[in-house]
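> let's see this in three dimensions:
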Amino acid sequence: MAKRDPEKTARNKVIQAMTAELKGLLPRALELAPAEKEQSLHGRYGGKHAEFIDIKHAVIQTPEHFVALWLRGYMNYLRQLEAKKGFYAQESSYYKNFIALQQNPEVWAYVELFLKRTFLRDYEALARTRPTVERSTIWIGQNKASYGLLVTPRFAHGNWENDKSEIRHFPKDYWTIGHILQTGLVIPFKDQRINFPDVDSYLTFFQHVLVRNSGSKHEAEVAERYAKFVQDSPNPENVPLLIPELRYAGINDQHVHRLDFCVIDPFTMNRVGFELSPWSMHGKLTGIQGLTQKRINEMAQANFENEMKKMKAYFKEHEIYALIFTDADLQTPDAVFANIAHYLLPEKAAQQLQLNIRDEFLAFKL
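You can find the predicted model right below:
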């Protein structure tokens, strides 16, 4: 049974306290607004935040940040209204509601608290960094054995795509074990997906299908340690995915490269790759008998250039910085995984925002 999230529990307690406080402020706010009932008051102010804030793209970290964006958005809306309607903008319900808010501290106290509660109720959707639509689909695996990992997958027009409108509301942390339990892996060009009923079923598939097919003993050693890391975690579903065999060219069969492993930070969307590069696979030269030293050096340089080209391409096209583990590193797989594990323990950034919007709000007029 999944453990209760202490952060969510604490947030719910704050929301309950805010609701109780709002009940005490409501009668005076209704009188001064004026509004006939609670729903009318909420409709005037709380129902407008999607008009005043770019909810689809904004990443909002605190209740104060939410209120500040709402106020700025409200004032910008009124300025745009004045540009269209001139003097008549002052006759609009938007402007009259703003003046009631501006001139009555009791109304402001109620609306400010109401907005903060709105933010906390929608915290999961508003405070998280979200993957862009372009970065919401990942293709992994070998040729002829590829799988898709999406955020909100749906089958349409002969292949898989994301339901763009639902990416913000995805219930799990992006690119985590919980993510793949929610979505499964999709089969390209077929209305089929592989679902995983629990953590262990995914880890079995991860080790014995996704990684085993690569044929790399070093990848298998990392996968084994990752599986244990997840199983030992107090909240396995919150552990970021160790994404195997990330395909550089996506779904295309004729892809240029695959990255051995990749981790995406669920809170920042930053990506880091891990390339296990033993000399026998990435540097060793064969068929050099009878060649001049100059020619051997040219071949070695070409090998090196090809590897660097791959790393540059991942960074340029996918913003993935890759850590490379060579033969000396790979002799101690525990140390290799310890380096990777550092990226499997992301922390939510506590962003402190000093937003001095109150004076601007009180001084605003058309």
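> was I right about Glu224 contacting Thr204?
No. Counting by Cβ atoms under 8 Å, Glu224 does not reach Thr204; the two are 11.8 Å apart. Every residue, glycine included, has its C-beta placed from N, CA and C.
> what's Thr62 sitting at in phi/psi?
With angles defined as degrees, to the nearest 10, Thr62 sits at phi -140, psi 160.
> that one: how many residues sit nearby?
18 (other Cβ atoms under 10 Å).
> wait, Arg121 sits on Ile15?
Yes. Contact between Arg121 and Ile15 holds when scored by Cβ under 8 Å: they sit 6.3 Å apart.
> does Tyr226 belong to a helix, a strand or coil?
Classification of Tyr226 using DSSP: H, G, I helix; E, B strand; the rest coil returns helix.
> quick one: contacts for it?
206, 242, 337, 340, 344 (Cβ atoms under 8 Å, 6 or more residues apart in numbering).
> can you check Glu221 too?
By Cβ under 8 Å, 6+ apart, Glu221 lies in contact with 333, 336-337.
> at 7 Å instead, please
With contacts defined as Cβ atoms under 7 Å, 6 or more residues apart in numbering, the neighbours of Glu221 are Pro333.
> quickly find the element holding it.
Assigned by DSSP states H and E, Glu221 falls within helix 217-232.
> just the strands in the chain please.
137-142, 145-150, 153-156, 159-162, 185-186, 193-194, 243-247, 258-264, 271-276, 320-325 (DSSP state E).
> need these in TSV (columns: mean neighbour count, distance to Lys116 and mean pLDDT).
Output for the strands of the chain, formatted as TSV (neighbours: other Cβ atoms under 10 Å; distance: least, Cβ to Cβ, whole Å; pLDDT from 0 to 100):
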stretch	mean neighbour count	distance to Lys116	mean pLDDT
strand 137-142	19	35	90
strand 145-150	20	34	92
strand 153-156	14	34	96
strand 159-162	18	31	95
strand 185-186	24	39	98
strand 193-194	15	40	96
strand 243-247	23	37	91
strand 258-264	23	31	91
strand 271-276	21	33	90
strand 320-325	18	37	84
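> indicate which one of those is closest to His218.
Between His218 and the strands of the chain, the tightest spacing by Cβ to Cβ is seen for strand 271-276, at 4.4 Å.
> each with direction, which strands does that closest one pair with?
strand 258-264 (antiparallel), strand 320-325 (parallel) (DSSP bridges).
> hmm, Leu25 and Ala109 touching each other?
Yes. Counting by Cβ atoms under 7 Å, Ala109 does reach Leu25; the two are 6.0 Å apart.
> just give the closest residue to Arg225, not the sequence neighbours.
In space, and not counting its chain neighbours, Arg225 is closest to Phe337: 4.1 Å by Cβ to Cβ, 6 or more residues apart in numbering.
> state the pLDDT value of the one you found.
With respect to pLDDT, Phe337 scores 97.
> use 38 as the first number for this chain going forward.
Shifting the count to begin at 38 puts that one at Phe374.
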